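**Q** Provided below for reference: sequence and predicted model.
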Amino acid sequence: MSILVVGSLGLDTIETPFSKVEEALGGSAVYISLAASYFSQDINLVGVVGEDFPEKYIQLLSGRKIDLEGLQIIKGGKTFRWSGKYLYDMNSRETLLTELNVFKDFNPIIPENYRDSKLIVLGNIDPELQMNVLNQLNNPEFIICDTMNYWIERKNEALRQLLKMVDLLVVSDSEARLLANHPNLIRAAKIILQMGPKKLVIKKGEHGAFLLTNDTIFVAPAFPLEDIIDPTGAGDTFAGGMVGYLSRVNTISDEELKKAVIYGSVLASFCVEKFSVDGLIDLDEAKIKNRFNQFRKLIYFED
């Protein structure tokens, strides 16, 4: 099934206790699309960059067969930039700089030949823009949505309207607690499901993820890694791995969603092993399947 990804593209400067990179490729649409590209060659990306966006990054995306007709390049504009510093445990980070630049006025225009896309991933942007995207589409089969604390606090009414339009909401544990106004994650999940989304994934970083539906609670661990180099983009990569796997199935059932969660975790585990998107550019189906099978062993036990 065809995939439409709408989100940010940016240039990230990232510092960890171990190293630093400057002006590296980043953004939700980038991580989602690259992860999904290992499952599908029918990916349509919608985003915006400035004229300063490096050509090598355009070539990287197009080289993964990601369609860029929906990428707006603003003449004379500057690309979105973010700078952050991770603390020693890599679970906490400090934002040093955010420059929205052309992303500040981003208005997603969906090309005509994208409007029949079947799987939709709405990256972390204003919920009003996310609804605007959905209103441009023709009968999507499954809609995945991301959000963040900023929109939960400042655009709560619009976000509540959006949640009634989506099939799967993907949020972090802190975002779930804030959205539901409840400290217990399971109770918070049930409150969020009553807001409209049919299914919910709660990401817990190094502690894995929950999949929750009206009939299912599935808990997946994070893959145990000895070296975590850069957690940036792991959540978006997770969503990309999920939607990529779902593009290959005929019916999006709870059982298929469980597998999608594991594939999302697999791709995220590769992502954090290197800076920026470097962990996502040298993969192949054999490497992904091998780590998926290792995941299977982690959660399997005999009765």
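**A** Yep, it's here.

**Q** is it true that G123 touches A29?
**A** Yes: in this structure G123 lies within contact range of A29 using C-beta atoms under 8 Å: 5.5 Å. Glycine gets a C-beta too; all of them are placed from N, C-alpha and C.

**Q** Need the overlap of contacts for those two.
**A** V5, V6, G7, S8 (C-beta atoms under 8 Å, 6 or more residues apart in numbering).

**Q** how many other residues sit next to E141?
**A** 13 (other C-beta atoms under 10 Å).

**Q** Let me fix that, I meant to ask about N149.
**A** 13.

**Q** what's the distance between it and E112?
**A** To E112, N149 is 35 Å away according to C-beta to C-beta, to the nearest Å.

**Q** try V21
**A** Relative to E112, and taking C-beta to C-beta, V21 is found at 38 Å.

**Q** which one of these two has more residues nearby?
**A** V21 (19 against 9).

**Q** Burial check on the residue lying closest to that one once chain neighbours are set aside, number of neighbours?
**A** With sequence-adjacent residues excluded and distances taken as C-beta to C-beta, 6 or more residues apart in numbering, V21 is closest to F275, at 4.7 Å. By other C-beta under 10 Å, the residues close to F275 number 21.

**Q** what do you get for N156?
**A** Neighbour number of N156 under other C-beta under 10 Å is 13.

**Q** Check E226 too.
**A** The burial count for E226: 5, using other C-beta under 10 Å.

**Q** repeat for K289
**A** 12.

**Q** let's have the chain start at 832 instead
**A** Got it, the first residue is 832 from now on, which makes the last one we talked about K1120.

**Q** Now it: phi and psi?
**A** phi -70, psi -40 (degrees, to the nearest 10).

**Q** separation between it and Y869?
**A** 10 Å.

**Q** what do you get for G838?
**A** From G838 to Y869 the distance is 18 Å (C-beta to C-beta).

**Q** if you count what's nearby, which of the two comes out ahead?
**A** G838 (27 against 22).

**Q** Enumerate every residue touching that one.
**A** G858, S859, A860, I863, G878, V952, L953, G954, N955, I956, D977, D1067.

**Q** what do you get for N944?
**A** E900.

**Q** ok, longest helix in the protein?
**A** helix 1085-1102 (DSSP state H).

**Q** and it, C-alpha only, in CSV?
**A** Extracted in CSV, the C-alpha atoms of helix 1085-1102 (Å, rounded to 0.1, in the frame of the first residue of the first chain):
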residue,chain,number,x,y,z
ASP,A,1085,-4.3,-6.2,16.2
GLU,A,1086,-2.0,-9.2,15.5
GLU,A,1087,-0.4,-7.4,12.5
LEU,A,1088,0.0,-4.3,14.7
LYS,A,1089,1.9,-6.3,17.3
LYS,A,1090,4.4,-7.3,14.6
ALA,A,1091,4.5,-3.7,13.3
VAL,A,1092,5.5,-2.5,16.8
ILE,A,1093,8.4,-5.0,16.8
TYR,A,1094,9.5,-3.8,13.4
GLY,A,1095,9.3,-0.2,14.6
SER,A,1096,11.5,-1.1,17.6
VAL,A,1097,13.9,-2.9,15.3
LEU,A,1098,14.4,0.1,13.0
ALA,A,1099,14.6,2.4,16.1
SER,A,1100,17.4,0.2,17.5
PHE,A,1101,19.4,0.6,14.3
CYS,A,1102,18.8,4.4,14.3
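
**Q** and it, what does it pack onto?
**A** Using 3 or more C-beta pairs under 8 Å, 6 or more residues apart in numbering; DSSP states H and E, the elements in contact with helix 1085-1102 are helix 859-867, strand 1030-1034, strand 1040-1043, strand 1048-1051, helix 1065-1077, helix 1116-1130.

**Q** What's the first helix or strand after the first one?
**A** This means helix 859-867. The first helix or strand that comes after helix 859-867 along the chain, using DSSP states H and E, is strand 874-881.

**Q** for that following strand, what is the average pLDDT?
**A** On average, the pLDDT along strand 874-881 is 98.
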